[in-house]
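Participant: Quick one: sequence plus predicted model below, questions after.
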Number of protein chains: 2
Amino acid sequence: MPPAVRAIHSKITARARPRRAALRPTRDSERTRAAILDAATQEFARFGLGGARVDRIALHAKANKRMLYYYFGSKEDLFLVVLERVYENIRAEEQKLHLTDLAPVKGVEKLIVFTWTYYLAHPEFMTLLNSENLHRAQHLKRSLKIRAMHSPLIATLSEVLKRGVRAGTFRKGVDPVQLYVSIAALGYFYLSNNHTLSTIFDRDLLAPRAKTQRLRHMVELVQGYLAANATA
Amino acid sequence: MPPAVRAIHSKITARARPRRAALRPTRDSERTRAAILDAATQEFARFGLGGARVDRIALHAKANKRMLYYYFGSKEDLFLVVLERVYENIRAEEQKLHLTDLAPVKGVEKLIVFTWTYYLAHPEFMTLLNSENLHRAQHLKRSLKIRAMHSPLIATLSEVLKRGVRAGTFRKGVDPVQLYVSIAALGYFYLSNNHTLSTIFDRDLLAPRAKTQRLRHMVELVQGYLAANATA
DNA sequence: CGCCGATTTAACCGGTTGGTTAACATTGCG
DNA sequence: CGCAATGTTAACCAACCGGTTAAATCGGCG
């Protein structure tokens, strides 16, 4: 089996780790693979797909450049795996939210805070997505894995909205997809474009105070919209 | 005077165009410069700063590669001039809006529609900005030109908000900068991330119907927010 | 007309890039 | 132990990239 193809099944095929795992063994395919993936994530996030350098990825992964091709096939294939991993990560976090456990108003607030906090903690998610959009999602389109990974939040948000309408706290006729996109947009744009915005407004948009104000504004904006024309 | 430096003053120093301008003259510095700038804008927008190729820019501009360096100094300097030009363009369009001529509610709507329409008509604006943000606005920071080009919309929007509050149609305490950023965010995110979003939601977000729905949602979201808690 | 400076061209350059070759080391297994 | 698969390495490569050299060409002015 060709190495790059076999690597896809590594989780299944993987044999047991070397017994004497205390001091790093001279060979550890899992470690090498993971190190390359971590280094690649940083590199692609920082320089984009076009600006990323495979030599630099190998250097930071402390692996031979050849291993990158051995495990991932090509620079672009590696980029796709990186994308798949960051999507897996955010989807896993989304799963933990349990928005329906809260009152509708609190549920929406929690979603906004989560989205904002996630972007702040994982700026690489935004840069990688921007890069992928520059390339017209050509890698994403090839990934059955990601395309199957639907966000659980659309269905959940839809449920939250319905309950809010029934309780009389939310307006009727809100499209959950539009709202989901808007909530993402409000934080994403501010953080992704932080550098140009900070330069043009001539103030640091990432200062603690500014961040607090932004989050408050986003919550007020969405809550105000949902509350307007509500029956109660 | 070094060519690249002199080029900055070209508007002033430029001599009269050749008299027989009917059939393109063999030499026309203005035309060459403009052609390079146009080609560069397309190239940077499509491939990002890192992915852009100077040879391709020269090819599409039908100019010798040397002319690129003759007029602009370097790839990065050229990128800065491209950035400056697209900013000039959007600022000029913003100037024409005259939002204060309308009732506050209509003024805000017009701003939302304008922002959305501008992004739709100038997708290169978003890609170039994304590229610049990837590079932490390092070019923008060097440009006194752009840093001095404050958007007239902040002051205007502030005025519109005040009048809306006085008329009782808008809530109090809305920060015009936050609202301006939010209005930009709602359209920008949707359009800039259109490819990944369309892939994940498995539907074309740029279909005419989808675009109409998005614009309506954005207007409703902002108007709903501003109307909530208004005195009237 | 002849000169001078602005503009244009082809050829070139050294370093870098993504990707490859082929040999070598280590490991688990029979 | 010996073998075969797996993992690792250094050296290599052709294409490409941003940038440069130096000479040619054109246009306008005196």
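Facilitator: In hand now; what should we look at? Numbers count the residues shown, from 1 in each chain, chains lettered A, B, ... in the order given.
Participant: What residues of stretch A:169-188 count as buried?
Facilitator: A:169-171, A:174-188 (16 or more other C-beta atoms under 10 Å in any protein chain shown). Using the backbone N, CA and C atoms, a C-beta is placed for each residue, glycine as well.
Participant: Hmm, I typed the wrong one, I wanted stretch A:145-165.
Facilitator: A:145-146, A:149, A:151, A:153, A:156-158, A:160-161, A:163-165.
Participant: from those, which are also near chain B?
Facilitator: Among the buried residues of stretch A:145-165, the ones lying near chain B by C-beta under 8 Å from any C-beta of the partner chain are A:I146, A:S151.
Participant: and of the buried residues of stretch A:145-165, the nearest to DNA strand D?
Facilitator: Using C-beta to the nearest atom of the strand, A:K145 comes nearest to DNA strand D of these, at 21.3 Å.
Participant: does the closest one count as helix, strand or coil?
Facilitator: Classification of A:K145 by DSSP: H, G, I helix; E, B strand; the rest coil places it in helix.
Participant: Okay, and which of the buried residues of stretch A:169-188 map to helices?
Facilitator: Within the buried residues of stretch A:169-188, residues falling in helices by DSSP state H are A:176-188.
Participant: Just the terminal-to-terminal distance for stretch A:158-176.
Facilitator: Start-to-end span of stretch A:158-176 (C-alpha to C-alpha, to the nearest Å) is 5 Å.
Participant: ok, now stretch A:163-177?
Facilitator: For stretch A:163-177, the end-to-end distance is 16 Å (C-alpha to C-alpha).
Participant: Same check on stretch A:190-210?
Facilitator: 11 Å.
Participant: Quick one: mean pLDDT over stretch A:91-108.
Facilitator: For stretch A:91-108, the mean pLDDT works out to 97.
Participant: what's in contact with that stretch?
Facilitator: A:110-111, A:114, A:118, A:149, A:151-153, A:156-157, A:159-161, A:163-164, A:167, A:169-170, A:222-223, A:226 (C-beta atoms under 8 Å, 6 or more residues apart in numbering or on different chains).
Participant: Mind picking the one among the ones in helices among the buried residues of stretch A:169-188 that's closest to DNA strand C?
Facilitator: The closest of these, once distances to DNA strand C are taken by C-beta to the nearest atom of the strand, is A:Y188, at 26.9 Å.
Participant: Touching, the closest one and B:F189? I think so.
Facilitator: Yes - using C-beta atoms under 8 Å, A:Y188 makes contact with B:F189 at a distance of 5.3 Å.
Participant: Tell me which residues touch whatever residue of chain A ends up closest to DNA strand C, please.
Facilitator: Nearest residue of chain A to DNA strand C: A:K75, at 3.4 Å (C-beta to the nearest atom of the strand). Contacts were defined as C-beta under 8 Å, 6+ apart; by that measure A:K75 touches A:L49, A:A52, A:V54.
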